[in-house]
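[1] Got a predicted structure here, sequence first:
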Amino acid sequence: MLKDFFKLDEPYQEIDKSALAECISACAVHDALYRPDVLDEMTFEEVSFQNVSFSKTLLDKLTFKRCSFTDCLFINATFKDVRFHGCEFKDCNFFQAKLESVYGKPKQFRKAITEKRFANIAVHLYQQLLGNYYQDSQREYKNEAEYYGGHWKRINDRQQAKAENLGRIQYLPRYVGSWLYGYLLGYGFRFRNTLATTAVIFSLMVLLNHLCANYLFSCPTKVTIVKSLYFTITTMATLGSSGYSPDTDTGYLFVIMNVVIGVGIVTAMSTAIVKKVIR
C-alpha cells in the first residue's frame, strides 16, 4: 500500500514511451512516473506494474493481457478504447479517472480499492464502469458492476455519516439493511447470492415444519420428512397447504409464516431472474 494514496513512493524515475517499451521487455515496470500526456497503440502482456503513475495521461488504444497493477496511480487519467484481459488491480488510485470504450470484467477491479476511507473513489470507479458498459453494450458485466458498486456505496454512505457526525440511530439501521441486502441477495444483481439464500431459508423452513409437526394438528399424525417437505412446498408456493391442513392456532401461525416467507422468496428469485435475463 502506498504511504500516500495520492503520491508514488520514493524513489522513482520519470520515463517516456521508449523507456516504457524497454521495461516491457523485462515484463516489469516498477517505481516509475510516466511523464508524457499520451500513451497509445501498445500491447502489454504479463507485465507487472508496481508503484507506477499514469496520472493525467490519455491511455488510448491499449491492450493489457494478464497484467498486474499494484500501488499504481491513474488520477485524472482517461482510458479510451482500452482492453483488459485477465488483469488484476490492487491498491490503485482511480480518483476522477474517466473510462470510455473500455473492455474489462468488473471483477478485475475488485481489489483496486481496499481501504474503506477511499470508498468514494471506488464508487466513482464503478460508476464509470457502469456508464461504459451501457454505452458499449457490455451488458454481460453490468450486474457484476452493480453489485460491487452497491457494496462500496454502502461503505461510502457510512463514511459520510461518520464525517457528518450523525448518530448511529440515524444511519445504522439503513447500513445494516443494506449489508443484509447485499450479503443475502447480492443487491438484487448477484444471482448466486439469492439462490444460496433461498436454498438455506427453504431448508430451514422444512426442518422447522418437521420438528414442530406435532403442534400443527390436533389429531396425532405420522411425521415424515417427505410430508414436511410437501407441506412446506405447497404452503409456500400455493398460499395454502394441500392435503395437510393444520387445525390448531400454532398451525395457522405456521401457515402464515410459510406464506409470508414464500412470497418474499418468490419475489426475490423472480427479480433476480429478470435482471439476469435482461441485463
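    Structure's in. What do you need?

[2] Helices of the stretch 1-150 of the chain, start to end?
    17-25, 119-135, 142-163 (DSSP state H, counting those that start in this stretch).

[3] mind checking how far the first one is from the chain centre?
    Its chain's average C-alpha position is 35 Å from that of helix 17-25, according to Cα atoms, centre = their mean, to the nearest Å.

[4] what's the angle from the lengthiest helix in the chain to helix 142-163?
    Longest helix in the chain by number of residues (criterion: DSSP state H): helix 249-277. Angle, helix 249-277 to helix 142-163, by axes from the mean of the first three to the mean of the last three Cα atoms, to 10 degrees: 110 degrees.

[5] and helix 249-277, what other elements does it pack with?
    The contact analysis (3 or more Cβ pairs under 8 Å, 6 or more residues apart in numbering; DSSP states H and E) places helix 249-277 against helix 191-211, helix 225-238. Every residue, glycine included, has its C-beta placed from N, CA and C.

[6] Show me what the shortest one is packed up against.
    Other helices and strands packing on helix 225-238, by 3+ Cβ pairs under 8 Å, 6+ apart, are helix 191-211, helix 249-277.

[7] right, and the helices of the stretch 1-150 of the chain - which one's nearest residue 36?
    Nearest of these to residue 36, taken as Cβ to Cβ: helix 17-25 at 6.2 Å.

[8] Give the buried residues for the closest one.
    Using 16 or more other Cβ atoms under 10 Å as the test for burial, helix 17-25 gives 20, 23, 24.

[9] same check, this time on stretch 190-201
    190, 191, 193, 194, 195, 197, 198, 201.

[10] Kindly state the domain boundaries assigned to the chain.
    Residue ranges for the domains of the chain, per automatic domain parsing: 13-190, 192-277.

[11] most tightly surrounded among those?
    Highest mean neighbour count among these (mean count of other Cβ atoms under 10 Å): domain 13-190, with a mean of 17.

[12] Do me a favour and get the end-to-end distance for it?
    Using Cα to Cα, to the nearest Å, the end-to-end distance of domain 13-190 comes to 43 Å.

[13] Tell me the predicted confidence for the residue most central in space within the chain.
    Compute the mean C-alpha point of the chain, and by Cα atoms, centre = their mean the closest residue is residue 148, 2.6 Å away. Looking at residue 148, its pLDDT reads 88.

[14] mind showing which ranges of the stretch 51-200 of the chain have poor pLDDT?
    135-137, 139, 167-168, 170-171, 188 (pLDDT under 70).

[15] switch to 90 and redo it
    Low-confidence segments of the stretch 51-200 of the chain (pLDDT under 90): 100-101, 104, 130-199.

[16] How is the residue lying farthest from the centre of the chain classified with respect to secondary structure?
    Farthest-out residue of the chain from its mean C-alpha position, per Cα atoms, centre = their mean: residue 219, at 50.2 Å. Taken by DSSP: H, G, I helix; E, B strand; the rest coil, the conformation at residue 219 corresponds to coil.

[17] Would you mind putting the domains of the chain into a markdown table with distance to residue 5 alongside?
    Shown next, in a markdown table, are the domains of the chain (distance: least, Cβ to Cβ, whole Å):
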| stretch | distance to residue 5 |
| --- | --- |
| domain 13-190 | 5 |
| domain 192-277 | 30 |
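
[18] what sits against residue 105?
    Residue 105 makes contacts with 84, 141, 144, as judged by Cβ atoms under 8 Å, 6 or more residues apart in numbering.

[19] ok, 10 Å please
    84, 85, 86, 87, 129, 138, 140, 141, 144, 145 (Cβ atoms under 10 Å, 6 or more residues apart in numbering).

[20] about what we covered before: what would the buried residues of helix 17-25 look like in JSON lines with distance to residue 172 and pLDDT?
    As requested, the buried residues of helix 17-25 are exported to JSON lines (distance: Cβ to Cβ, whole Å; pLDDT from 0 to 100):
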{"residue": "20", "distance to residue 172": "48", "pLDDT": "91"}
{"residue": "23", "distance to residue 172": "49", "pLDDT": "85"}
{"residue": "24", "distance to residue 172": "49", "pLDDT": "84"}
